[in-house]
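Asks: Provided below for reference: sequence and predicted model.
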There are 4 protein chains.
Amino acid sequence: MQARLHEIIFEADTRAGRFFDLALIWSILISVVAVMLDSVREIRAAHGELLAAIEWFFTILFTIEYVLRLACIGRPLRYATSFFGVVDLMAILPTYLSILLPGSRFLLVIRILRVLRIFRVLKLAQFLAEANVMARALRASRRKILVFLCTVVALVVIFGSVMYLIEGEAHGFTSIPRSIYWAIVTMTTVGYGDLAPRTAIGQAVASLVMILGFTIIAVPTGIVATEMSRATDKPVSTQTCPQCASQGHEHGARYCKDCGAPL
Amino acid sequence: MQARLHEIIFEADTRAGRFFDLALIWSILISVVAVMLDSVREIRAAHGELLAAIEWFFTILFTIEYVLRLACIGRPLRYATSFFGVVDLMAILPTYLSILLPGSRFLLVIRILRVLRIFRVLKLAQFLAEANVMARALRASRRKILVFLCTVVALVVIFGSVMYLIEGEAHGFTSIPRSIYWAIVTMTTVGYGDLAPRTAIGQAVASLVMILGFTIIAVPTGIVATEMSRATDKPVSTQTCPQCASQGHEHGARYCKDCGAPL
Amino acid sequence: MQARLHEIIFEADTRAGRFFDLALIWSILISVVAVMLDSVREIRAAHGELLAAIEWFFTILFTIEYVLRLACIGRPLRYATSFFGVVDLMAILPTYLSILLPGSRFLLVIRILRVLRIFRVLKLAQFLAEANVMARALRASRRKILVFLCTVVALVVIFGSVMYLIEGEAHGFTSIPRSIYWAIVTMTTVGYGDLAPRTAIGQAVASLVMILGFTIIAVPTGIVATEMSRATDKPVSTQTCPQCASQGHEHGARYCKDCGAPL
Amino acid sequence: MQARLHEIIFEADTRAGRFFDLALIWSILISVVAVMLDSVREIRAAHGELLAAIEWFFTILFTIEYVLRLACIGRPLRYATSFFGVVDLMAILPTYLSILLPGSRFLLVIRILRVLRIFRVLKLAQFLAEANVMARALRASRRKILVFLCTVVALVVIFGSVMYLIEGEAHGFTSIPRSIYWAIVTMTTVGYGDLAPRTAIGQAVASLVMILGFTIIAVPTGIVATEMSRATDKPVSTQTCPQCASQGHEHGARYCKDCGAPL
């Protein structure tokens, strides 16, 4: 019975498992949209009770799912403290807390974190292998990207401070942190326009920052493209360990690589 | 007679066929520009009748072309329900409907969809092979791009909600959907500036979102660059099946890969 | 005498030739900056006569250079009608015309086209080979880029029209061309903010356009990166043909590839 | 004694050396944040004395470190005139100068340059090799990037001037330098919106500039990606020369590549 539940809830290679996963995706999407709409004043005023009903329906559904997950896994504590275990708990807790703290905007935002549960969908079909290639390419290039980010941070700190000196408080560059915010907005080519240089020298420095940002964006792209072309598409099994719920085992692996339990 | 018409209308390797294709391109471009100008109040007031005349001229031309296409193809129904068959029909239908529903802005927009017909031009010259390489590279990377888009969506939902909490309604972040819209505007480095953080914490979070957006743009680029360097330039014939109008047959192929009719 | 002049003016492998090139670069830069400053009202009012003197000094210098170029080349007419021949003429003509048409802003802008002469600097040092690699990579990918641009144009036309329908004239989307302008501003991630969606549906469509623009930027990058990694650094000689002034001959080539004259 | 100090201060392969480096990183970060906060009027008013105390604490710490660095190196003058030697001096000098020139905003900005000292952290762990690969890839592509920047400059000068002609002073394009500033803001896809075209022709030209900027960003990315995939990860030692403090020696190198002293 426990093995069968595990098959349905954690695996995706049986018909019941695939159906469960699809139902879960739709539940997550609908409940996230319901949370979003709940934050729109007009919709809340008009359909507040419907949204509350939907919210409670999915909370109870997710609670049953959470209890079943705990029930059918070998080491419940290990699952409960894993990343997805915490996300699963945070998907249900805020609704129960909202009885004690009604109308809290903070709980609304915690509830929306259940969007992270959508990454369970990656288990479906062949997405896991693809996600794995990308994750490996990013991991292989994490040091290069950190060096790149350090350079960007040093550049925005220096250029921001220079602009604070040039433009000054009269033109909105009231402090160095605010000027650094401007430098980030400019170097990343976002360009809100809420803060823009007005003196000729300031515009010249800003032009330099823009062209720099336009050019150095080539660096992370070059890093990731290189690593990605190196990473081969090593196929990954969709199995989930019945003991500790860890994923990403190799095709044909017979024992869990994290806890040694048979798969 | 039917074979000759097919040669002219669907193929591009005879002189008449190339001339027909060129005439078609110009007709499409002129009629699309006419639709655009028709939406400008001043031009419509001054030259409304001329634009209507141009519209009717091209509609009748495209109608004749549509009828001829149906006439010279072996399986007219298959063509009529194909992507280009529907686009061809939508290029002429709105003008006839405008007699019944005069001045509808909706029909104007449907009419502009005839810009899609320009992709018939790809048949001309060597563009088909090039478009094919790109299409194959994109198809090969579609799963990776979907994983990337899922991550982007999860990030903007979470960051949008966090900003809704931090900035609040006083600074324009009136609801979670609106805050997510801000997160998309910021992460994609568009940065309209209609909604910008004003608190210090909000600007710090926004800086994080910007640098994240500036860096993760490297991921799709790396994906596409890798797939594109793998995709070889397999030459594609410009033949169109006389029975079902399907394209993209291999060079020297003698039978249609979709319906088996001789090419 | 003519051969010696050709050596100095057109070549960069003698000391005199390198000196001439350096002097030319500085003359171009100073005269371009002078034209720019001439357009600033305050500077023109304060230093108008100095700027006019600088302008005439460089115009006479460039005229002498132009006459010498014509004198020391074998086929003056061919040079005069080449790209750089026309640019060289446009660098001097507007100043003489300004005696007849004083204060014309149009002539000021023509004069600034002399910035194009800076590409003669590429002949200096090893830049020619580098520029050649990039030019070849771009030429090899021109068809793919054209297909990409066609797709972008089709997308902005369709999305622009849809936004014209959704947002309408009340929110600034007064016509289809103006809405297409908005779509270009958004898809290229520029985002001025002079035109921004205000309805919920409009913001949803805009979000789609932004994420699309953020993702499809990967396509030209992938194309160029692939072609650039294929293009080998074939060294190019810095020789200029004494007869027709054509460049880009192979190292060790003894005859001009365009007119057959000995190099 | 001098060798032991050198080991701690300049090297990272002993426990004391690593601890020193970590302490240095935190000192730099805290002192930079203190400088930033010092520029915020409200924080300065409330906690001015605490910030001054922090500033003096770190200045004295950095002074001791600077003196020790000079003491334990073989050629103090060579270190003092090296890039990091100058940065180290600039990290302490402004605070002492601020006694003579109190409240100078200029000194505040000089002080923030100590953020550059963070690049000493690269010596820690394996970052040096990564940074080296990137630096070599950038150096290998510097000529191509220069040709690219020349093209961008020529384009923004020409398009800026054309927009000055089209839009004119009435729409904010008051001079050619200001119009070039607009062209840079647009081509780099920053798009502040402080200056935006208002005429139909101007918007058409702006659309061209945007699509151009959106497409040519592919060029530097292609250059860097190509060079980065060519650059192999040649491991670099974390040793620093005890005589001249130069870094980046090969693994197993026994003599300094810059001054010949034994490592």
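Replies: Cool, the structure landed.
Asks: and the gap between the spatially most central residue of chain A and residue B:151?
Replies: The centroid of chain A falls nearest to residue A:116 when counting by CA atoms, centre = their mean (5.9 Å). Between residue A:116 and residue B:151 the distance, using CB to CB, to the nearest Å, works out to 10 Å. All C-beta atoms are positioned from the backbone trio N, CA, C, and that covers glycine.
Asks: Residue A:80 now?
Replies: 25 Å.
Asks: Same question for residue A:44.
Replies: Look at residue A:44 and residue B:151: by CB to CB, they are 29 Å apart.
Asks: Likewise for residue A:1?
Replies: Noted for residue A:1: a distance of 36 Å to residue B:151, by CB to CB.
Asks: How about residue A:120?
Replies: From residue A:120 to residue B:151 the distance is 14 Å (CB to CB).
Asks: for the closest residue in space to residue A:48 that isn't next to it in sequence, what are its contacts?
Replies: Leaving out its chain neighbours, the residue that sits closest to residue A:48 by CB to CB, 6 or more residues apart in numbering or on different chains is residue A:38, at 7.8 Å. Residues in contact with residue A:38 (CB atoms under 8 Å, 6 or more residues apart in numbering or on different chains) are A:44, A:48, A:51, A:55, A:108.
Asks: if we go to 7 Å?
Replies: A:44, A:51, A:108 (CB atoms under 7 Å, 6 or more residues apart in numbering or on different chains).
Asks: before we move on, which element is the last one in?
Replies: So that's residue A:108. Assigned by DSSP states H and E, residue A:108 belongs to helix A:105-112.
Asks: How far does that helix sit from its chain's centre?
Replies: The chain centre lies 15 Å from the centre of helix A:105-112; the measure is CA atoms, centre = their mean, to the nearest Å.
Asks: The nearest residue to the residue nearest to the centre of chain A once chain neighbours are set aside: neighbour count?
Replies: Of all residues not flanking residue A:116 in the chain, residue A:87 sits nearest, at 4.9 Å (CB to CB, 6+ apart). Neighbours of residue A:87 under the rule other CB atoms under 10 Å in any protein chain shown: 16.
Asks: Flag every buried residue along the helix or strand hosting residue A:87.
Replies: Here residue A:87, judged by DSSP H and E, is contained in helix A:83-100. By neighbour count with 16 or more other CB atoms under 10 Å in any protein chain shown, helix A:83-100 contains the buried residues A:84-85, A:87-88, A:90-95, A:98.
Asks: Dump these to TSV, plus pLDDT and distance to residue C:24.
Replies: As requested, the buried residues of helix A:83-100 are arranged in TSV below (pLDDT from 0 to 100; distance: CB to CB, whole Å):
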residue	pLDDT	distance to residue C:24
A:84	86	66
A:85	89	70
A:87	90	65
A:88	90	70
A:90	90	68
A:91	89	69
A:92	91	74
A:93	91	73
A:94	90	71
A:95	90	74
A:98	86	75
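Asks: if we look at stretch A:100-115, which residues are touching it?
Replies: Stretch A:100-115 is contacted from outside by A:28, A:31-32, A:35, A:38-39, A:87, A:90-91, A:94-95, A:97-98, B:154, B:157-158, B:161-162, B:164-165, B:176, using CB under 7 Å, 6+ apart.
Asks: Buried residues, it. List them.
Replies: Residues of stretch A:100-115 classed as buried by neighbour count (16+ other CB under 10 Å): A:107-115.
Asks: what's the spacing between the closest residue to chain C within the stretch 1-150 of chain A and chain D?
Replies: Closest contact between the stretch 1-150 of chain A and chain C, by CB to the nearest CB, is at residue A:40 (8.6 Å). Residue A:40 sits 27 Å away from chain D when distances are taken as CB to the nearest CB, to the nearest Å.
Asks: Close to chain B: what parts of the stretch 51-200 of chain A are there?
Replies: Within the stretch 51-200 of chain A, the residues that sit near chain B (CB under 7 Å from any CB of the partner chain) are A:105-106, A:109, A:112-113, A:115-116, A:118, A:122, A:126-127, A:130-131, A:134, A:145, A:152, A:181, A:184-185, A:188-194.
Asks: what's the burial count for the residue in the stretch 101-250 of chain A that chain C sits nearest to?
Replies: Nearest to chain C in the stretch 101-250 of chain A, going by CB to the nearest CB, is residue A:193, at a distance of 5.9 Å. Counted with other CB under 10 Å, the neighbours of residue A:193 add up to 24.
Asks: One more: the one 10 residues further on?
Replies: For residue A:203, the count of nearby residues is 23 (other CB under 10 Å).
Asks: Tell me the secondary structure at it.
Replies: helix (DSSP: H, G, I helix; E, B strand; the rest coil).
Asks: Averaged pLDDT, the biggest helix by length in chain A. What do you get?
Replies: As assigned by DSSP state H, the longest helix anywhere in chain A is helix A:41-72. The average pLDDT within helix A:41-72 is 92.
Asks: In terms of secondary structure, what does it contact?
Replies: Here helix A:41-72 touches helix A:2-10, helix A:15-38, helix A:76-80, helix A:83-100, going by 3 or more CB pairs under 7 Å, 6 or more residues apart in numbering or on different chains; DSSP states H and E.
Asks: Spell out which residues of the stretch 51-200 of chain A are next to chain C.
Replies: Within the stretch 51-200 of chain A, the positions lying close to chain C (CB under 7 Å from any CB) are A:189, A:191, A:193.
Asks: Give me the domain ranges for chain A.
Replies: Chain A resolves into domains spanning A:2-122, A:140-230 when parsed by automatic domain parsing.
Asks: can you tell me if the shortest one touches chain D.
Replies: Yep, that's domain A:140-230 we're talking about. Yes: judged by CB under 7 Å from any CB, domain A:140-230 comes into contact with chain D at A:143-144, A:147, A:150, A:154, A:157-158, A:161-162, A:164-165, A:175-177, A:186, A:189, A:191, A:193, A:196, A:203, A:207, A:210-211, A:213-215, A:218-219, A:221-223, A:225-226, A:229.
Asks: Out of the residues you listed, name the ones that lie in helices.
Replies: Residues of the residues of domain A:140-230 next to chain D located in helices (DSSP H): A:143-144, A:147, A:150, A:154, A:157-158, A:161-162, A:164-165, A:176-177, A:186, A:203, A:207, A:210-211, A:213-215, A:218-219, A:221-223, A:225-226, A:229.
Asks: isn't residue A:28 right up against residue A:117?
Replies: Yes: between residue A:28 and residue A:117 a contact is recorded at 5.1 Å, counting by CB atoms under 7 Å.
Asks: which residues touch residue A:118?
Replies: By CB under 7 Å, 6+ apart, the contact set of residue A:118 is A:25, A:28, B:150, B:154.
Asks: Okay, now the unreliable bits of the stretch 101-250 of chain A?
Replies: Applying pLDDT under 70 to the stretch 101-250 of chain A flags residues A:103, A:121-126, A:232-238, A:248, A:250.
Asks: still on that earlier bit, just checking, which of the residues of the stretch 51-200 of chain A next to chain C belong to strands?
Replies: When those are checked against strands (DSSP state E), there are no matches.
Asks: which non-adjacent residue is nearest residue A:107?
Replies: residue A:94 (4.1 Å).
Asks: Verify the contact between residue A:244 and residue A:76 for me.
Replies: No: assessed by CB under 7 Å, residue A:244 is found out of contact with residue A:76, at 9.9 Å.
Asks: which of those two has more neighbours?
Replies: Between residue A:244 and residue A:76, counted using other CB under 10 Å, the more crowded position is residue A:244 (19 against 15).
Asks: how far away is the more buried one from residue A:261?
Replies: Going from residue A:244 to residue A:261 by CB to CB gives 7 Å.
Asks: Which residue is the nearest non-sequential neighbour of residue A:66?
Replies: Nearest to residue A:66 is residue A:88, by CB to CB, 6+ apart, at 5.3 Å.
Asks: which ones are touching the one you found?
Replies: Counting by CB under 7 Å, 6+ apart, residue A:88 touches A:66, A:69, A:117.
Asks: with those residues in mind, which one is nearest to residue D:17?
Replies: Nearest to residue D:17 among these is residue A:117, at 45.4 Å by CB to CB.
Asks: And for that closest one, the neighbour number?
Replies: 22.
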